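Asks: Quick one, fold the following:
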Amino acid sequence: MPVRRILVSLLVLAILPGPVSLPGLAVAGREPADPLATSTIRGVVRDANGTPLAGVTVLAAPLEGDGPVLSATTDAKGRYELRGVRYGHWRLAFRRGKEAWPANRVLLVPPKKKIEANFSLGPPVPEDEALGLGTGAEVPLAGAPAAGVAHLEERLGPSGWAWFKTGRGVAVLIGGGALVVAGVIALADEDDEVIASPYEP
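Replies: The predicted structure follows:
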């Protein structure tokens, strides 16, 4: 009977927990997760003596898979900024004129973050040579022979009395166990954190 079929259909729709989405149809009011959420890498490029370098081209490419090569040029204060960096491991290289420097670290870039990565361009050290980095070798990302190695300046947070003066130390001392946990979380949750791993060409 047609009336019975209509009643059964209405009953089925009434007991469903929420809107039904069919393959290929979007549910109104719900935004899909953005799998390509991007981050920004910014920092300063210096020479081995700590002097900021202008006119250095910073190149970044994903370590795995195909992807665009991002580039930026340092300003008069040695600052650069790479935008549109997707989540994953990125290798960097630096070029100035006919010389190039491969980075000694691969950056693991988290999604939707602004991270800081400062580099110093200088001669290779024994650790670089153990990784196969040195002068004269071609830097594929930069298309020029290596004049040395770009070393990532590890960002270490304040320690000792300097850490205590930030206010976190005071809170941990006064607050007891709960604030100890909160202090540890606060110290670990830095927007500018850069996770690096050894570079292997």
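Asks: going forward, measure contacts and count neighbours with C-alpha atoms only.
Replies: Fine.
Asks: where does the protein have low pLDDT?
Replies: Across the chain, the ranges flagged by pLDDT under 70 are 1-36, 155-201.
Asks: in it, which spans are strands?
Replies: 38-47, 57-62, 70-73, 79-86, 88-96, 99-109, 114-116, 119-122, 138-139, 144-145, 149-152, 195-198 (DSSP state E).
Asks: is it possible to export the ones you listed to a markdown table including mean neighbour count?
Replies: Formatted as a markdown table, those follow (neighbours: other C-alpha atoms under 10 Å):
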| stretch | mean neighbour count |
| --- | --- |
| strand 38-47 | 20 |
| strand 57-62 | 21 |
| strand 70-73 | 17 |
| strand 79-86 | 19 |
| strand 88-96 | 21 |
| strand 99-109 | 25 |
| strand 114-116 | 19 |
| strand 119-122 | 21 |
| strand 138-139 | 20 |
| strand 144-145 | 19 |
| strand 149-152 | 24 |
| strand 195-198 | 14 |
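Asks: okay if I get those as CSV plus distance to Asp128?
Replies: Below are the strands of the chain laid out as CSV (distance: least, C-alpha to C-alpha, whole Å):
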stretch, distance to Asp128
strand 38-47, 17
strand 57-62, 19
strand 70-73, 24
strand 79-86, 24
strand 88-96, 14
strand 99-109, 7
strand 114-116, 22
strand 119-122, 11
strand 138-139, 14
strand 144-145, 16
strand 149-152, 8
strand 195-198, 9
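Asks: Tell me which of the ones you listed approaches Gly132 most closely.
Replies: When those are compared for distance to Gly132 using C-alpha to C-alpha, the nearest one is strand 99-109, at 10.0 Å.
Asks: contacting residues around the residue nearest to Thr38 when sequence neighbours are not counted?
Replies: Closest residue in space to Thr38, ignoring its immediate chain neighbours: Arg86 at 4.6 Å, by C-alpha to C-alpha, 6 or more residues apart in numbering. By C-alpha atoms under 8 Å, 6 or more residues apart in numbering, Arg86 lies in contact with 36-39, 109-111.
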